[in-house]
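Peer 1: Here is a sequence with its predicted model. Questions after.
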Amino acid sequence: MGVSDHSKSTYLELQRKKVHRYVIFKIDEKKKEVVVDKTGGPAESYEDFTAALPENDCRYAIYDFDYVTSENCQKSKIFFIAWSPSVSRIRAKMLYATSKDRFRRELQGIHYEIQATDPTEMDLEVIRDRAN
């Protein structure tokens, strides 16, 4: 499974330039590569991000989480989320599971990885706990 150049450049825009709050990727089975599905602007919330994920299909997602530490320092952590809802097709789950490591290796600078099969596994509290 390949990774489109657009996917890599969009990730770098999130990581370095903070152009996006999140990027959602999908596998294009015809092209046999990971492509950008959706992006969210810097002002979008975590709720906007979770609402953008499909309820019944798998996706990879990158979320740039900003927070303030107990020492009152502004920080940012990049999360890789493998979204694989339990109601998605078995073929899709297998395709995303087998392609995940190859795709993840293309993206340098990810701090945390979360595997989620339902929204509670990637709740904002889960993200906050991992970042601190």
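Peer 2: Now that the structure is in, tell me what you want to look at. Residues are numbered from 1 along each chain as shown.
Peer 1: So which elements touch the helix or strand containing Ile62?
Peer 2: Per DSSP states H and E: Ile62 is located in strand 59-68. Helices and strands touching strand 59-68, as assessed by 3 or more CB pairs under 8 Å, 6 or more residues apart in numbering; DSSP states H and E, comprise strand 22-28, helix 46-52, strand 74-83, helix 90-106, helix 124-131. For glycine as for every other residue, the C-beta is placed from the backbone atoms N, C-alpha and C.
Peer 1: Could I get the buried residue list for the first one?
Peer 2: Residues 22-27 are the ones in strand 22-28 that count as buried (16 or more other CB atoms under 10 Å).
Peer 1: Likewise for the last one?
Peer 2: Within helix 124-131, the residues that qualify as buried by neighbour count (16+ other CB under 10 Å) are 127, 131.
Peer 1: Pairing partners for Phe79 in the sheet, please.
Peer 2: Legend: beta-bridge partners of Phe79 under DSSP bridges are Tyr63, Tyr112.
Peer 1: That one contacts Tyr60, correct?
Peer 2: No: applying CB atoms under 8 Å as the test, Phe79 and Tyr60 come out as separate, 11.2 Å apart.
Peer 1: So which of those two has more stuff around it?
Peer 2: Per other CB atoms under 10 Å, whichever of Phe79 and Tyr60 has more neighbours is Tyr60, with 23 against 20.
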